[in-house]
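Enquirer: Structure, please.
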Amino acid sequence: MQDHKIDFVISWVDDKDQAWRQEKSQYDAAFSSDDAKERYRDWGNLKYWFRGVEKFAPWVAKIHFITWGHLPDWLDVNHPRLHIVRHEDYIPQEYLPTFNSHTIEWNMHRIEGLAEQFVYFNDDFFLINKVKPEDFFWHGKPCDMLAFQPVVANPANPVMSHIYLNNSLVISKYFNKRENVKRQPGSYFKIGYPFLYFVYNMLEMMFPLYTGFYTVHGPSPFLRETYRTLWDKEAELLDATCRHRFRNEADVSQYLAREWQKLSGDFQARNITRHFRYFDVESDNPALAKVICRQKAKIICINDANKPIDFMRAKNQVMDAFECILPEKSSFEKS
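Expert: Numbering: from 1, shown residues only. Prediction:
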């Protein structure tokens, strides 16, 4: 059992808010380097995130809901376990306004009242079955998987290719690859890891320098202390990242903090892919709907990829699937 409380943090944006759109438009042309509309598009399924948390993770101490300022009209902002966090409440003024998820994420340790152990959710990660505190933390350490994976030069998303490499460059300043493997071999070759990542880790030993890491695109378990450490060691880099109004190829992402925890040995090695499924949304999504309705995973990512789809058709399919398992209102919704 866990000795300390665990909070959830989720960031959300309403792309239909006219005030937000107007403010964003003032910076679009000059600063945007990664600004696809899918990055902000609202699927209208946020209520199922809250229903999933209440039904499948009732042990969560508090939910910190990060927002530019807009709020869903159905959300009970007075709920005792809900903390509304506006950007100006925790992000230093010199970084505002921001439309860069990295700025939002790199300052989360500044949120007032945030537990030392917290799990960060994008708004496309959903609980669809019971989870336990031990799925995220074990005796105060984040549960994660340490695996190598070379950074891919992806022309469809070149900004993120740069960012993943930037993360690895920071790691290489502080950790020697081969020495780290020798220090914690059980974290690299853990029984229960997917076989593919055993192979990746074995092959990567031929290369003395880091080529990249595999990080599950799902909820991230963090220690606030990890953030404090990285701000202490890499203040100039994180400051530069946070000053970018939009994602930029010079940024580093919150995945750097996850890799730091792992290479420091400050984590519990575990195959976290076992209960997780990832989907890029298409115009037709029968496999996605089946996983939700039959609860074939604990956690699911419904990624709005940078490609044209029949949005309304896909949105209705996803909503119908969630209604299969989460038809009842949560206490976070107004009566």
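Enquirer: ranges for the strands of the stretch 1-150 of the chain?
Expert: For the stretch 1-150 of the chain, the strands defined by DSSP state E, counting those that start in this stretch cover 6-12, 63-67, 82-86, 117-121, 125-127, 137-138, 141-144, 147-148.
Enquirer: low pLDDT regions in the protein?
Expert: Scanning the chain with the threshold set as pLDDT under 70 gives 1-3, 29-41, 306.
Enquirer: Downstream of the longest helix anywhere in the chain, the next helix or strand is which one?
Expert: The single longest helix within the chain, with elements called by DSSP state H, is helix 158-174. On the C-terminal side of helix 158-174, the closest following helix or strand by DSSP states H and E is helix 177-183.
Enquirer: buried sites along the following helix or strand past that following helix?
Expert: For helix 177-183, the following helix or strand on the C-terminal side (DSSP H and E) is helix 185-188. For helix 185-188, burial by neighbour count (16 or more other CB atoms under 10 Å) applies to S187, Y188. Every C-beta, even on glycine, is put in place using the N, C-alpha and C of the backbone.
Enquirer: Contacts for helix 185-188 next, please.
Expert: For helix 185-188, the surrounding residues in contact (CB atoms under 8 Å, 6 or more residues apart in numbering) are L146, A147, V181, N201, K262, G265, F267, A269.
Enquirer: buried sites along the helix or strand just after it?
Expert: Next helix or strand after helix 185-188 toward the C-terminus (DSSP H and E): helix 195-204. The neighbour-count check on helix 195-204 (16+ other CB under 10 Å) flags Y197, Y200, N201, E204 as buried.
Enquirer: Closest one of these to T67?
Expert: Among the buried residues of helix 195-204, Y197 lies closest to T67 (CB to CB), at 35.7 Å.
Enquirer: which residues does that closest one contact?
Expert: Y197 touches M145, A147, F148, Q149, Y214, counting by CB under 8 Å, 6+ apart.
Enquirer: rerun at 6 Å
Expert: By CB atoms under 6 Å, 6 or more residues apart in numbering, the contact set of Y197 is A147.
Enquirer: from here on, count from 15
Expert: That works, and once the first residue is 15, the last one we named lands at Y211.
Enquirer: Next one: it from I286, what distance?
Expert: With distances taken as CB to CB, to the nearest Å, Y211 is found 11 Å from I286.
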